[in-house]
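Q: just to be clear, the model below is a prediction. Sequence and coordinates:
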Number of protein chains: 2
Amino acid sequence: MMKTPYFLSLETCGEGEQKQLAATLDNLTFNASGLIPVVTQDQRTGKVLMLAWMNREAIEKSLASGDMTYWSRSRQAYWRKGESSGHVQRLKGMWADCDGDALLCLVEQTGPPCHTGRSTCFYLHMDHDQSTVTVTESPTRY
Amino acid sequence: MMKTPYFLSLETCGEGEQKQLAATLDNLTFNASGLIPVVTQDQRTGKVLMLAWMNREAIEKSLASGDMTYWSRSRQAYWRKGESSGHVQRLKGMWADCDGDALLCLVEQTGPPCHTGRSTCFYLHMDHDQSTVTVTESPTRY
């Protein structure tokens, strides 16, 4: 994506330098529906669990409550992960990327993150030298 | 996202079951610009390196060549990662998620993945109980 002046200005910041959270949120790039993609990763195992979406308020809800709260595009409603299943995600760390159009969240996952009961939503492996896809989860430990 | 009948039908597949790659690609959900978000993860360390986008042809190019090839939204062109910097990504595994609207790629990364020289694009940490953002990279090992 086109880099905004704000995120360009952060590129040369040194390790540990601090900025205001509100200014960073103001300068994130949301899509036409007001959403930003969020990668959710298990903080213990490093496994990538899912990709979902947040609007600005969902980011603020997640930061304030520590409960991962997405925007459900199918239901057009806030979606506190685990609100019906009990499979909650406690937010342990949130990062924005270099051009401010994606988030990474490290979480403590209770139960399976995927509605199919699998330990990741990424379970369809597309083999690069075959014409097949195999049902098997992405790896857990690194 | 709304689940497609195809991806719904995969939910009950057993471990190791195989499907045709072409049918899976046909049933992925691309956005209005024909793109799908791709999470790129270091296969050795588990570090999430970046989030970028592919169209169907970029997926096929990446699978066929083994060189991660994205669609650059700012340049509106294919973007073989490292084509100018030499910081290539060799594709080691590609997964689609349960509703077919996101991809996860495990890669072998040469050099830094981020154009700022950092070892991940996710280097702006948004602290959940402060009003600050700190310049510091997401973790490397799990």
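A: Good, I have the coordinates.
Q: can you pull out the low-pLDDT segments for chain A?
A: Low-confidence segments of chain A, defined by pLDDT under 70: A:1-2, A:141-142.
Q: OK, contacts around the nearest residue to A:Y123 once chain neighbours are set aside?
A: On the basis of C-beta to C-beta, 6 or more residues apart in numbering or on different chains, the spatially nearest residue to A:Y123 that is not a chain neighbour turns out to be A:E137, at 4.7 Å. Every C-beta, even on glycine, is put in place using the N, C-alpha and C of the backbone. Neighbouring residues of A:E137 by C-beta atoms under 8 Å, 6 or more residues apart in numbering or on different chains: A:118-120, A:122-123.
Q: okay, those in JSON lines with neighbour count and secondary structure next?
A: Supplementary listing: the contacts of A:E137 in JSON lines, determined by neighbours: other C-beta atoms under 10 Å in any protein chain shown; DSSP: H, G, I helix; E, B strand; the rest coil:
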{"residue": "A:R118", "neighbour count": "18", "secondary structure": "coil"}
{"residue": "A:S119", "neighbour count": "18", "secondary structure": "coil"}
{"residue": "A:T120", "neighbour count": "26", "secondary structure": "coil"}
{"residue": "A:F122", "neighbour count": "29", "secondary structure": "strand"}
{"residue": "A:Y123", "neighbour count": "23", "secondary structure": "strand"}
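Q: burial of A:D129, as a residue count?
A: 7 (other C-beta atoms under 10 Å in any protein chain shown).
Q: tell me which other helices or strands the strand of greatest length in chain A touches.
A: Here the longest strand in chain A is taken by residue count, with DSSP state E as the criterion, and it is strand A:89-97. In terms of contact count using 3 or more C-beta pairs under 8 Å, 6 or more residues apart in numbering or on different chains; DSSP states H and E, strand A:89-97 is assigned the packing partners helix A:56-65, strand A:103-109, strand B:122-126.
Q: now render the ones you listed as JSON lines, adding distance to B:I36.
A: Putting the helices and strands packed on strand A:89-97 into JSON lines (distance: least, C-beta to C-beta, whole Å) gives the following:
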{"stretch": "helix A:56-65", "distance to B:I36": "21"}
{"stretch": "strand A:103-109", "distance to B:I36": "17"}
{"stretch": "strand B:122-126", "distance to B:I36": "20"}
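Q: right, and those - which one's nearest A:E11?
A: strand B:122-126 (9.5 Å; C-beta to C-beta).
Q: just the CA trace of the longest strand of chain A, in PDB.
A: C-alpha atoms of strand A:89-97 as PDB (Å, rounded to 0.1, in the frame of the first residue of the first chain):
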ATOM      1  CA  GLN A  89      -8.200 -15.200  23.000                       C
ATOM      2  CA  ARG A  90      -6.400 -13.000  25.500                       C
ATOM      3  CA  LEU A  91      -4.400 -10.300  23.800                       C
ATOM      4  CA  LYS A  92      -0.700 -10.400  24.800                       C
ATOM      5  CA  GLY A  93       0.800  -8.100  22.300                       C
ATOM      6  CA  MET A  94      -0.400  -6.000  19.200                       C
ATOM      7  CA  TRP A  95       1.900  -4.700  16.500                       C
ATOM      8  CA  ALA A  96       1.200  -2.600  13.400                       C
ATOM      9  CA  ASP A  97       3.300  -3.100  10.300                       C
END
